[in-house]
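sharing a model that was predicted from the sequence below.
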Amino acid sequence: MKLHPKGALRRLLIPGAMIAAAATLLVGCSGTAGYGSTSAANANAPGKASDTISWALPPATTPNWIWPFSPIADFSVTNSEMQLMMYRTLYWYGDNGKTGVDYSLSLAKQPVYSNGGKTITITLNPYKWSNGESVTAQDVIFWINMDKAEKANYAGYAPGQFPDNIVSATAKDPSTVVLTTDKAYSQQWFLFNQLSQITPMPLAWDMTSATTKGDCATDISGCEAVYTYLNAQSKDLPTYATSKIWSVVDGPWKLSSFNSDGHVTFVPNADYSGPQKAQVKQFKMVPFTTDSAEFNVVRSGSTLDVGYIPTQDIAQAKPASSAPNAAGPNPLSSNYTLLPWFLYGFNYFPINYNNPTVGPIFKQLYFRQALQSVVDQKGIISSTAKNYGVETTGPVPLFPDSPLVSQTEKNNPYPFSIANATKYLSDNGWKVVPKGTTTCVKPGTAAGDCGAGITAGQALTFSLPYASGNATIDTAMASFKSNAAQVGITLNLKPEPFNSVTSTAVPCSGKTCTWEMGNWGGGWVYAPDYYPTGELLFATGAGSNSGSYSNATLDKLITATNLQSGTAVMQAYEDFMAKNVPVIYQPNYTYSLTEVANGLKGYTYNNPYGAIKPEDWHY
């Protein structure tokens, strides 16, 4: 995924309301089902016109990267939503509120394995690009070549994974791709986490300038120049809607206008080959600086067709005993239907192990145990989140319950406890000063010392930028700061726009690697790694390993989940993650308490991976 805000890391990052799980992982084809309207004819619809649908973006979160080949700083759910409307991935994941693969919406048929599992044959469905050309096997090879040549620049890359594990990739004929891998992998994992990386690219993108054709689609050596050109084009936001490059689409929508402030308008792609063409004349993304600003608009019931209600504006919490995805009282019921949207992922924020000053502190397990112990997840869920959420205790979502969830995660090895946090620090060389400044008084590497690289008198004082614009996150961060102060940990909070946080909290090294912590507000949606293994996030050198965590034991556990199916290898991996806390876990709030206009038809159940399908919606 990605990063996710209450709005967005893809795909994966997310600010605003944070991620939560949606359904068990089931491979299969899901059909589409309309979201039942509760009242109203077109004349009473909140939208400005029945031929236009307006969609509220998360607070302080705007799309800013159009090319699906995204760097980590722009690897967000919001960008993915925009990209998927125009450029379809090889397979479509999730529908009807369930996880899995929907082959009816995919560019390709179910892959066929042979040669002991090492040969994968992919047959494409008959899709067209908007310029009239067919979506072909060569378009798939184009992506693979680019990925091989520029993998260091793609956030979906993990060393040893796709495309490193592809020995050969050939276009057998215009509709058939044949891949050969270096070994046999778990077929479920390969479908969910490897083939999921591929977004076929049109030959119209194989350019090194506006007038010069490239040859990346047929020769890896030609990809560097093409990458340089396409990367520059994706940075040129004002030209998105007029670009000859980005106007070639195979999805149901194309850009009509794009403003870097977040106002984005799509119109139907009349040549879309999929099962459902767009049914309205325009689809608009509408930006907001804060969730309060959005709520003022959605409360008026006059201009937004799909919005959200901030949890602080729900007067009555829903029953704690209700399912996390159940809807509680809806104060906007006269105009909207409340549909809580949970994403399949987990909420955390990274810490920078390569920071030359505080990195040595972060590398100490006892410190991470202490910091995790001052996160009052249950308190935040019950008060701030109005019971719309579940705890995060590791990388596999606790909701819904499934065989993948281990007992270690269910028991939470680090519940909220000021006493435990104090003991973790005092037992390891720190003088704990509640509501003051805790410092290292026993530098060294022996048992009971502070640890390697930590100096005498060094203080537990850190900078923590976090995604702005969402009152729930503001409150949760204030709680975290207050609790940390009880053990003498000072957190200097700094609210910043989501894109600012994600562009700073990236893998780095050396003297300029100075960021310490970074909370974009929602952790990770499992996309494009749809099966909840850790190669993209926590393997040594992985493209989305924001904090540069590295552990040889964890690398081996991750590799086992890639090669073998079943719960045993998954639970061994997640138990390590739960106990070693390489990141700081936060409660999973809903991605969005979505408000759907009464009368809007065809709104499908929310996709657990964050994708939207406005082509299904109409009045």
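Structure's in. What do you need?

now do the contacts for G94.
A22, G100, D102, Y344, Y530, N607, P608, Y609, A611 (Cβ atoms under 8 Å, 6 or more residues apart in numbering). The C-beta positions use only the backbone N, C-alpha and C, and glycine is treated the same way.

ok, 6 Å please
N607, P608, Y609 (Cβ atoms under 6 Å, 6 or more residues apart in numbering).

which phi and psi values does it adopt?
Dihedral angles of G94 (phi, psi; degrees, to the nearest 10) stand at phi 90, psi 140.

confidence score at it?
Note for G94: predicted pLDDT of 91.

roughly how far does it sit from E150?
Distance from G94 to E150, counting by Cβ to Cβ, to the nearest Å: 27 Å.

the residue lying closest to S114 once chain neighbours are set aside: how many residues sit nearby?
Leaving aside its chain neighbours, S114 sits nearest to T121 (7.0 Å; criterion: Cβ to Cβ, 6 or more residues apart in numbering). T121 has 15 neighbouring residues, counting by other Cβ atoms under 10 Å.

using the three-state scheme, assign T121.
The assignment at T121 comes out as strand when based on DSSP: H, G, I helix; E, B strand; the rest coil.

so it touches V177, yeah?
No. In this structure, T121 is not within contact of V177 by Cβ atoms under 6 Å, at 7.5 Å.

then V433 would be within a strand, right?
No. Per three-state DSSP, V433 lies outside any strand segment and is coil.

where do the helices sit along the stretch 201-350 of the chain?
Counting by DSSP state H, counting those that start in this stretch, the stretch 201-350 of the chain has helices at residues 223-235, 291-300.

same thing with the chain?
77-86, 137-149, 187-193, 223-235, 291-300, 359-362, 365-373, 377-382, 407-411, 418-426, 471-485, 498-504, 552-563, 567-580 (DSSP state H).

so which of these gets nearest T393?
helix 407-411 (4.5 Å; Cβ to Cβ).

pull out the buried positions in the closest one.
Using 16 or more other Cβ atoms under 10 Å as the test for burial, helix 407-411 gives T408, E409.

let's have the chain start at 22 instead
OK, 22 is where the count begins now, so the last one is helix 428-432.

which outside residues touch that helix?
Contact with helix 428-432 is made by T414, G415, E595, D596, A599, as judged by Cβ under 6 Å, 6+ apart.

among the residues you listed, who's most crowded?
G415 (28 neighbours).

wait, it sits on D596?
No. Using Cβ under 6 Å, G415 makes no contact with D596, being 7.6 Å away.

quick one, strands of the stretch 422-571 of the chain?
Assigned strands in the stretch 422-571 of the chain, in chain order: 451-452, 460-461, 482-488, 511-517, 545-546 (criterion: DSSP state E, counting those that start in this stretch).

list the neighbouring strands of the first one plus their orientation.
Each strand that pairs with strand 451-452, with its direction, by DSSP bridges: strand 460-461 (antiparallel).

avg pLDDT for the strand it pairs with?
Strand 460-461 carries an average pLDDT of 98.

again with stretch 224-236
If you average the pLDDT over stretch 224-236, you get 98.

what's the answer for stretch 434-452, then?
98.

so which bits of it are buried?
Quick answer for stretch 434-452 (16+ other Cβ under 10 Å): 434-435, 437-439, 441-447, 449-451.

contacts for it, please.
Taking contacts as Cβ under 6 Å, 6+ apart, the residues outside stretch 434-452 that touch it are 387, 390-391, 393-395, 397, 453, 459-463, 470-471, 507-508, 599-600.

go on, stretch 140-158?
Residues outside stretch 140-158 that contact it (Cβ under 6 Å, 6+ apart): 128-130, 132-134, 192, 195-201, 221, 223, 225, 269-271, 290, 292, 294.

and the buried ones among those residues, selectable in ChimeraX?
The buried subset of these, as determined by 16+ other Cβ under 10 Å, is captured in ChimeraX by this line:
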select :128,129,132,134,192,196,197,198,199,200,221,223,225,269,270,271,290,292,294
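
quick check: strands, which of the contacts of stretch 140-158 are part of them?
Using DSSP state E, the members of the contacts of stretch 140-158 that fall in strands are V133, Y134, A192, T197, V198, V199, L200, T201.

nearest to L578, out of the helices of the stretch 222-371 of the chain?
Of the helices of the stretch 222-371 of the chain, the one closest to L578 (Cβ to Cβ) turns out to be helix 244-256, at 33.0 Å.

with just CA atoms, put that closest one into PDB.
The C-alpha trace of helix 244-256 is given here as PDB (Å, rounded to 0.1, in the frame of the first residue of the first chain):
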ATOM      1  CA  CYS A 244      15.000   2.700 -19.300                       C
ATOM      2  CA  GLU A 245      17.200   5.300 -17.500                       C
ATOM      3  CA  ALA A 246      16.500   8.000 -20.100                       C
ATOM      4  CA  VAL A 247      12.700   7.200 -20.100                       C
ATOM      5  CA  TYR A 248      12.600   7.200 -16.300                       C
ATOM      6  CA  THR A 249      14.300  10.600 -16.200                       C
ATOM      7  CA  TYR A 250      11.700  12.000 -18.600                       C
ATOM      8  CA  LEU A 251       8.600  10.500 -17.000                       C
ATOM      9  CA  ASN A 252       9.800  11.400 -13.500                       C
ATOM     10  CA  ALA A 253      10.200  15.000 -14.500                       C
ATOM     11  CA  GLN A 254       6.700  14.900 -16.100                       C
ATOM     12  CA  SER A 255       5.200  13.600 -12.900                       C
ATOM     13  CA  LYS A 256       6.800  16.400 -10.900                       C
END
